[in-house]
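1. Return a 3D structure for these sequence lines:
(2 chains)
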Amino acid sequence: MLARLKALDTGRYSIFLILGAVVVVASFLSENFMTTNNVTNVLRQVAVITILAYGAMTLIIAGMIDLSAGAVMAFAGVVSVIVYKDTSSMLLAILAGIVVGVACNLVNAFLVATLRTPAFIVTLGMMMIARGAVLQLTQGQNVLQLGDFVVLGQGSLGPIPLPTLFLVIITVIVWYLMSQTRYGRSLYAVGGNEEAARAAGIAVERVKYQAFIVNGVLVGFAGVIFMARVNAGLPNAGVGYELQAITAPIIGGTSFSGGIGTTAGTLAGALIVGVLGNIMNLTGVGSYVQQIVMGVIIAVAVAYDVWSKRGKRKTVILKNDGEADGQPPASGEAPVPAGSGTASGRQGKGVSP
Amino acid sequence: MRNLSRTYLTIGLATAALAVTACSGGGDDGSSEGDGESYRVAYIARAQVDSFAAWLANEMQSEADTYDDITLDVFDGQANDEIENTQIENAIANNYDAIIVQANNGEAQRPYIQQSVDADIVTITTNPRVDDIEGASSVDASPYDQGAGVAELAVEEIPENARVVVLNGPGGNFHSTERRNAWEEVFFAERPDVEIVAEDIANWNKDEALTLMEDWVLANGEIDAIISMNDNMAAGALEAVRGDSAYDDILAYGVDGTPEATLLIEDGLMTATTLQDASELAELNMSTVHDLLTGAEDEVNVDIGNPVITQDNVQEYIDLYTEAGLIDG
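-> Next up is the predicted model:
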């Protein structure tokens, strides 16, 4: 039975099969689920978390983590709102949010990449600093009367909500960065095996700085969209968002040990979480039960994903070993560059959903 | 050499941290020992990330500044029982003359509040009151009365056979539970014709209420009223239907009387809220602690009023908030 189930597996597409199954089941559970309005709702609701998730994915692939994302998002968003209220310039407001996100992440990068401090500890510290800073800035009070700033979170271009449009654009950019550039390949190499990457001539510290900068841009921009969506500068926003942001890439197949992960997988992970939340709200499932269901499905999805790949990974490793030199490892969004993966196990890491 | 540098760095950082602490007014300044000239009061706030708690902490500090013989130190409980309990213990150990506790969870803080009383420290519980601690005083705004104030209005205003949604605060939260109890007894018991089409927890948060309401609108179609246990969640739910002409007449009730709620009431988007006045709470807390410290009173248990804000009187509160710089003029 297990073997038959495994035979159904299509390897790196398993997370998309799970997403498909969730969507099909949801459409049977509520007649409202597949309506245009609801699909728009889901895409708008997942925008902020997915953008944060791309940043988390970038860092996890490089072997790092960011626990400060929620607090930095709140700090960046509130600063953006304040700048808009002072200048009435949308561009300056967006830039201000991004600058705050990048600045916080540059501090993280300095401590992690240059001083070699564990990212877990550094970003935990930054979480407290950013939260304290935004509370000090606002004295704990919400910033109100945002005017046209809300367009960024509540406006639409035709039928497409602006947060969804931003998400699509950012998805394409992140996909391009991760799969089509030297930066992306270096990121996988550093996360796969830092010492091997260094030996292969990759500037590991620079790659880590770049990863934090990308994360900073994404977190800062997510803050701008979040505040515009809720029509207020909320200094207490984003509590726990860092964990939600990490959940999406992990469900989507990103490995906590680094070196593996894809943009599409992260998007699928975020959509699974978003669709589940949406269908439970539509069917009137209470928040206590929602937490239980969400926890179970996350655990099952990840366990299935890991289990279904186990046989495939061995096959790929054996196949790669048998292939002629110079052949790239089996498909992944961005394979580890030749020379950076010293063990066959690392090559196997190239197989990702 | 490297170890030596690390030692110097650690010493430097620790010194800097102590300097910052000293400059920000924390710690024992040794200015008083309850000698009748100056009193040290510790205020253990529930959570500075909670906008009402932060507002109350600011008001407490401002009010304390008006007393020449009171120095107030504010500590953030971070919505965490363990942290809050530790801070009460620290305040006892630091020989404060009085400790005011804004409990995160009354039952979790109860033994520590009792310790404070047992140490002969003037002890006040506020927002919420922790009942049945002999020797402790309390200053509170009754959450039941706050809920009842708007619920009474809703009995008259919400149309017959209305479909309503209900937004609650965190599970087990005393204020949320009491406000919900008031709605049950004052409104739902009186209006069996009203149907609750959806009810859930949004943890006092605007963004969570927004997401819930977006989904509920799709799932349930017509919704006549939003019943929320605080203003933040009511405001979030209203964002979901803002600009949708099908919901132009939706009624929305909250509690707290936040600056945002007054603006929404002024715009005709929100119907009513009960004011939980942080400045009045602070004023009463400081006068109570002063009376207890100077021996003018032995024990005080007092509540602030719960004025209901509607379009009829909202301008008064907008003027108040504008003057306080909380909303633009």
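
2. and the helix or strand where residue A:179 lies, average pLDDT?
-> For residue A:179, the element it lies in under DSSP states H and E is helix A:162-180. What helix A:162-180 shows for mean pLDDT is 97.

3. got the buried residues for the helix or strand just after that helix?
-> Scanning the chain past helix A:162-180 towards its C-terminal end, the next helix or strand to appear is helix A:182-192 (assignment: DSSP H and E). Buried residues in helix A:182-192, counted by 16 or more other Cβ atoms under 10 Å in any protein chain shown: A:183, A:184, A:185, A:186, A:187, A:188, A:189, A:190, A:191, A:192. Where C-beta positions appear, they are placed from N, C-alpha and C, glycine not excepted.

4. got JSON lines for the residues you listed, with pLDDT and distance to chain B too?
-> Below are the buried residues of helix A:182-192 laid out as JSON lines (pLDDT from 0 to 100; distance: Cβ to the nearest Cβ, whole Å):
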{"residue": "A:183", "pLDDT": "94", "distance to chain B": "32"}
{"residue": "A:184", "pLDDT": "95", "distance to chain B": "32"}
{"residue": "A:185", "pLDDT": "94", "distance to chain B": "34"}
{"residue": "A:186", "pLDDT": "96", "distance to chain B": "29"}
{"residue": "A:187", "pLDDT": "96", "distance to chain B": "30"}
{"residue": "A:188", "pLDDT": "96", "distance to chain B": "32"}
{"residue": "A:189", "pLDDT": "96", "distance to chain B": "29"}
{"residue": "A:190", "pLDDT": "96", "distance to chain B": "25"}
{"residue": "A:191", "pLDDT": "94", "distance to chain B": "28"}
{"residue": "A:192", "pLDDT": "92", "distance to chain B": "30"}
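
5. among the residues you listed, which two are most distant?
-> Across the buried residues of helix A:182-192, the longest distance by Cβ to Cβ is 14.9 Å; it joins A:183 and A:192.

6. Look up the closest residue to residue 52, ignoring the ones flanking it.
-> In the absence of a named chain, chain A is used. In this structure, residue A:52 finds its nearest non-sequential neighbour in residue A:245, 3.7 Å apart by Cβ to Cβ, 6 or more residues apart in numbering or on different chains.

7. Switch to chain B, please.
-> residue B:256 (5.9 Å).

8. And for residue B:39?
-> Per Cβ to Cβ, 6+ apart, closest to residue B:39 is residue B:97, 4.2 Å.

9. Let's see the pLDDT reported for the one you found.
-> On the pLDDT scale, residue B:97 is placed at 96.

10. next one: residue A:353
-> 29.

11. do the same with residue A:250
-> For residue A:250, the model assigns a pLDDT of 88.

12. Relative to residue A:53, how far out is it?
-> Applying Cβ to Cβ, to the nearest Å, the value for residue A:250 to residue A:53 is 9 Å.

13. Find residues that contact each of those two.
-> Residues within reach of residue A:250 and of residue A:53 at once, by Cβ atoms under 8 Å, 6 or more residues apart in numbering or on different chains, are residue A:269.

14. And those two? Which one has more around it.
-> Neighbour comparison, residue A:250 and residue A:53: the larger count goes to residue A:53, with 33 against 22 (by other Cβ atoms under 10 Å in any protein chain shown).

15. Quick one: neighbours of the closest residue to the more buried one other than its chain neighbours, just the number.
-> In this structure, residue A:53 finds its nearest non-sequential neighbour in residue A:248, 3.7 Å apart by Cβ to Cβ, 6+ apart. When neighbours are defined as other Cβ under 10 Å, residue A:248 has 28 of them.

16. show me where the stretch 101-250 of chain A has helices.
-> A:119-138, A:151-154, A:162-180, A:182-192, A:194-199, A:204-230, A:241-251 (DSSP state H, counting those that start in this stretch).
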